[in-house]
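Undergrad: My questions concern the predicted model and sequence given below.
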Amino acid sequence: MLALLKRVLMNQSKQLRDLVATMLMLSGNEVRAESSLRSLNSSLGGAKLKLGLKRLGWILPEGPLPMTMGELEAVLLSKRPDDTGTVAPPGEPPPNILASVISPGVQIGLDLQDVRSLPLADDYWEHAFYCDTFGGSEIAYAVIQAEPRSHFAGFWCAKEALRKCDHSFQRVEMRSTVVTHDASGRPYLALQRQDSNVRLPHAVSISHTSDLAMAIVMIAETLPAGARAFQCEGQ
């Protein structure tokens, strides 16, 4: 039994190192316990790592990303995903997400992303990163553009900016919040359900070049009419 357990752990360790080696563009035998993971310490790098781990059966706990390969192995190989708590399945965010209380005043989230940091893909519909991060409507919109990655980067920034603006979305999967467009072409954010999309009250602005993308998301508490009038009179 002990020998079997040892073989299982060795196999898991190899799978983990092979995954990290691919992300760091190294060979498997170049990844050691002291190897730095700082190049993955960004919102996009962290998302790529978490998606890769999820496909291998691991869920990285919330909090700062491990800074070395040894730290990552210590976190994952000592605890299986079943022990880390429940995770909202794709397309099914927590039922009370739209009822979350927004603190008074204006809240703003901003995100900037290098377009070249998004992975290249021959088929965006089949690529694991794009399938796990973007909704079908987002992929359909981006692939018909001259530079799909610029639009994907803009969508990514909007998703990140939403989570910075409104922390109640922190645990909602990226592909469950989508950027869509109204009849005039203006973008807005929606929460993707299994049967329909629910438009979110957050305002969003997206801009991009061939190199950089940026998005700003904002929401303001709506005050009762009487309170608004009282506030104006008191100024």
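TA: All right, it came through fine.
Undergrad: going forward, measure contacts between C-alpha atoms and count neighbours the same way
TA: OK.
Undergrad: which residues sit in contact with the residue positioned nearest the centre of the chain?
TA: Central residue of the chain (CA atoms, centre = their mean): Met174, 4.4 Å from the mean position. Taking CA atoms under 8 Å, 6 or more residues apart in numbering, we find Met174 in contact with 132-134, 159.
Undergrad: Tell me which helix or strand in the protein has the weakest average pLDDT.
TA: helix 225-234 (a mean of 40; mean pLDDT, DSSP states H and E).
Undergrad: Spell out which residues make up each domain of this structure.
TA: 2-83, 97-220 (automatic domain parsing).
Undergrad: Lowest average confidence across those, which one?
TA: When the domains of the chain are compared by mean pLDDT, domain 2-83 comes last with a mean of 74.
Undergrad: how about the strands in this structure?
TA: Under the criterion DSSP state E, strands of the chain are mapped to 106-114, 177-181, 187-192, 197-199, 203-208, 212-220.
Undergrad: Of these, which is nearest Gly57?
TA: With distances scored as CA to CA, the stretch of those nearest to Gly57 is strand 177-181 (23.3 Å).
Undergrad: how distant is the closest one from the center of its chain?
TA: Put simply, strand 177-181 sits 14 Å off its chain's centre (CA atoms, centre = their mean, to the nearest Å).
Undergrad: Now do the buried residues in it.
TA: For strand 177-181, a neighbour-count test (16 or more other CA atoms under 10 Å) marks 177-180 as buried.
Undergrad: Equivalent analysis for stretch 112-125, please.
TA: Buried residues in stretch 112-125, counting neighbours by 16+ other CA under 10 Å, are found at 112-115, 118, 124.
Undergrad: repeat for stretch 60-79
TA: Under the neighbour-count criterion of 16+ other CA under 10 Å, stretch 60-79 has 60, 65-73, 76 buried.
Undergrad: got it, and stretch 154-172?
TA: In stretch 154-172, counting by 16+ other CA under 10 Å, buried: 154-166, 168-169, 172.
Undergrad: returning to that earlier point: now distance to Glu30 too, for the buried residues of strand 177-181, in a markdown table please.
TA: Shown next, in a markdown table, are the buried residues of strand 177-181 (distance: CA to CA, whole Å):
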| residue | distance to Glu30 |
| --- | --- |
| Thr177 | 37 |
| Val178 | 38 |
| Val179 | 39 |
| Thr180 | 42 |
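Undergrad: Would you point out the most distant pair within these?
TA: Thr177 and Thr180 (9.7 Å).
Undergrad: From one end of stretch 208-216 to the other, what's the distance?
TA: 12 Å (CA to CA, to the nearest Å).
Undergrad: What of stretch 53-60?
TA: 7 Å.
Undergrad: returning to what we had before: what residues are shared contacts of Thr177 and Thr180?
TA: Taking CA under 8 Å, 6+ apart as the criterion, Thr177 and Thr180 both touch 189-190.
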